[in-house]
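**Q** Just the structure for this:
(chains A and B)
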2 protein chains.
Amino acid sequence: MDALVTGAYGRCGTAIIDHLDDSDDYDWTYLNRSDRPDDHPYGGYDTLLADVTDYDALRRAFDGQDGVVHLAADPKVDAPWDSILENNIIGGYNALEAAREAEVETFVFASTNHVMGMYETEHAPDIYHPDTEVMVDHTDPVRPDSYYGSSKSFGEDLGRYYVENYEYPKQFYSLRICSVRWPEYDHPYGDAERGVENDTFERGSDEYERRVARMKAMWHSRRDFAHEVACCLDDDSVEFGVFYGVSANDRRWFDIDHAREEIGYDPQDNGDEWDAPPS
Amino acid sequence: MDALVTGAYGRCGTAIIDHLDDSDDYDWTYLNRSDRPDDHPYGGYDTLLADVTDYDALRRAFDGQDGVVHLAADPKVDAPWDSILENNIIGGYNALEAAREAEVETFVFASTNHVMGMYETEHAPDIYHPDTEVMVDHTDPVRPDSYYGSSKSFGEDLGRYYVENYEYPKQFYSLRICSVRWPEYDHPYGDAERGVENDTFERGSDEYERRVARMKAMWHSRRDFAHEVACCLDDDSVEFGVFYGVSANDRRWFDIDHAREEIGYDPQDNGDEWDAPPS
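**A** This is a model prediction of the structure:
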């Protein structure tokens, strides 16, 4: 299938490139608002340059696609309203409207754990304990912790409106992604996927331990994320679905059974298997 | 208490004026984007003139208020995206941010049945039958039927973010209002509260009967609406709540038990008691 990734060179988009670019199942188009130089780890790919706030540029990129993975947005949980409004709310509308006009069948939307962030705020750090009784699923009420989280909740609701009211897109998958991380070459200490940025906090300090516990709970490994995107693109049964984007972490507090059952998500990684990062 | 109504001269705002203006419990301020002439039914009230898209004008009106009833928005279910974005999404953010800055305790938000409109689209007209098995409550997933409905769902989520994250507002009530109607003097046939606009459809026609059935299911009488707003303003127990704005209609398909239990909503009217409008 022909599939477009918006925001292709961010943390999540590059995980798709790393794990699915050479798949025979997808003919990828990568869209980003800026290009990468040839000597950059992701500099070797053809790139459609477009900003999601520019409807006409976005619309052209959607032509001929069977699926779209819409990642482009302001990803900062503390981003100010003006940027969230432009990039996430208007950008989200633009992407859905372009999918409708271009008759794209499948829409995979990068939502976020921050749609449900107040459950974490309320229960942290106990929520990171393997024995926590908190387990949030797709039927629980949304409790955003930010403009960012609120904008992603809006994107989900607007996606449901589109898929239930218009002919296209026919399928809408919202992934409430937790923590997808950069691979090692962007971080100073070993494999950033399996460590915390331990130059920021003293090892053994309370804050360090808290961050390690959080990452073990929230980790979505790059290969598990790419696999979950593929599950969405390959599925032909779901009209609208909300799924959590998290690995099979012992400490996770988000349900993944719904994703296992509906789209065949089969994560390989578990944050509790992390080693301590090298000191 | 000092309370501000935005969009005071619309269908819902004027119901508050009709039923609560002379109450000793509230010192009202009416905000509207346009004034009414003295010979208009609602021309005799002092008016703060402001558009909800103008943050600074809105912010000043929030000073000194204990409660805000935020009704101002584009109320058309088929309104285009650009107007919904400006008036409902940006306007909703402006109202919440003004409430936060002005330290307004209580925020009553005019949401809409159209947040759940796809349940109706899916089941109409059987859903209007008194014996329908469809009963939608505040825990059911949102299924907007429009940009309008999507924008109101966003307002609810943003309200939850504000009330759970900031000091003000301390209480947020979302009323998913069904059909509040103009009183008789704006309509050609008798009491518009208890009839349909029977100049549009031939009496006895299928479309006429369908509209009558729908109005009997969806009616929120002006006095019941004003009473439910007062329930929200008077309540001191709810931090965040979603309640349906509908009278005790035999044909309603929205739950009102939650509103009865949480805020003491006690509706007096039932759409099935309507007489046929005069021909």
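
**Q** mind showing which ranges of chain A have poor pLDDT?
**A** Under the criterion pLDDT under 70, the flagged ranges of chain A are A:184-201, A:274-279.

**Q** May I see the buried residues of the top helix by length along it?
**A** For chain A, the longest helix by residue count, based on DSSP state H, is helix A:147-165. If you call a residue buried by 16 or more other CB atoms under 10 Å in any protein chain shown, then helix A:147-165 has these buried ones: A:147-164. C-beta here means a position set from N, CA and C on the backbone, and glycine is covered the same way.

**Q** pretty sure A:L233 is touching A:L4, no?
**A** No - look at A:L233 against A:L4 with CB atoms under 8 Å: they stay out of range, at 11.0 Å.

**Q** quick one: A:Y244 is in a strand?
**A** Yes - A:Y244 sits within a strand when classified using DSSP: H, G, I helix; E, B strand; the rest coil.

**Q** Quick check: bridge partners of it?
**A** A:Y244 has these beta-bridge partners by DSSP bridges: A:R176.

**Q** now it: how far from chain B?
**A** 16 Å (CB to the nearest CB, to the nearest Å).

**Q** contacting residues for that residue?
**A** A:113, A:136-138, A:175-176, A:178, A:252, A:254-256, A:258-259 (CB atoms under 8 Å, 6 or more residues apart in numbering or on different chains).

**Q** go again using 6 Å as the cut-off
**A** Each residue near A:Y244 by CB atoms under 6 Å, 6 or more residues apart in numbering or on different chains is listed here: A:176, A:254, A:256.

**Q** would you turn these into JSON lines with neighbour count?
**A** Compiled in JSON lines, the contacts of A:Y244 are given as follows (neighbours: other CB atoms under 10 Å in any protein chain shown):
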{"residue": "A:R176", "neighbour count": "26"}
{"residue": "A:F254", "neighbour count": "26"}
{"residue": "A:I256", "neighbour count": "21"}
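
**Q** with those residues in mind, which one is nearest to chain B?
**A** A:R176 (13.7 Å; CB to the nearest CB).

**Q** Kindly provide the distance from the closest one to A:H258.
**A** In this view, A:R176 and A:H258 are 11 Å apart by CB to CB, to the nearest Å.

**Q** So which bits of chain A are right by chain B?
**A** Within reach of chain B by CB under 6 Å from any CB of the partner chain, chain A has these residues: A:118, A:142, A:144, A:150, A:153-154, A:157-158, A:161, A:164.

**Q** separation between A:P80 and chain B?
**A** As for A:P80, its distance to chain B is 11 Å (criterion: CB to the nearest CB).

**Q** what about the spatially closest residue to A:F109 that is not a sequence neighbour, neighbour count?
**A** Leaving aside its chain neighbours, A:F109 sits nearest to A:S174 (4.8 Å; criterion: CB to CB, 6 or more residues apart in numbering or on different chains). By other CB atoms under 10 Å in any protein chain shown, the residues close to A:S174 number 27.

**Q** Let me know the secondary structure of A:S174.
**A** strand.

**Q** quick one, what contacts it?
**A** Neighbouring residues of A:S174 by CB under 6 Å, 6+ apart: A:109, A:111, A:156, A:242.

**Q** I'd guessed the second one sits against A:K152; true?
**A** Yes - judged on CB atoms under 6 Å, A:S111 makes contact with A:K152 at a distance of 4.4 Å.

**Q** ok, A:E209 - how many residues close by?
**A** Around A:E209 there are 15 other residues, counting by other CB under 10 Å.

**Q** Contacts for the strand or helix carrying it next, please.
**A** Following DSSP states H and E, the helix or strand that holds A:E209 is helix A:206-218. The contact list for helix A:206-218 (CB under 6 Å, 6+ apart) reads A:125, A:128, A:178-179, A:196, A:201, A:249, A:251-252, A:271-272.

**Q** Between all of those residues, which two are at the greatest distance?
**A** Taking CB to CB, the two most distant members of these are A:F201 and A:R252; they sit 22.3 Å apart.

**Q** These two: which is more packed in?
**A** Comparing A:F201 with A:R252 by other CB under 10 Å, the one with more neighbours is A:R252, at 27 against 16.

**Q** before we move on, the earlier item: from the contact counts, what lies against the longest helix of chain A?
**A** On a contact count with 3 or more CB pairs under 6 Å, 6 or more residues apart in numbering or on different chains; DSSP states H and E, helix A:147-165 meets helix A:91-102, strand A:106-112, strand A:171-177, helix B:147-165.

**Q** Lovely, talk soon.
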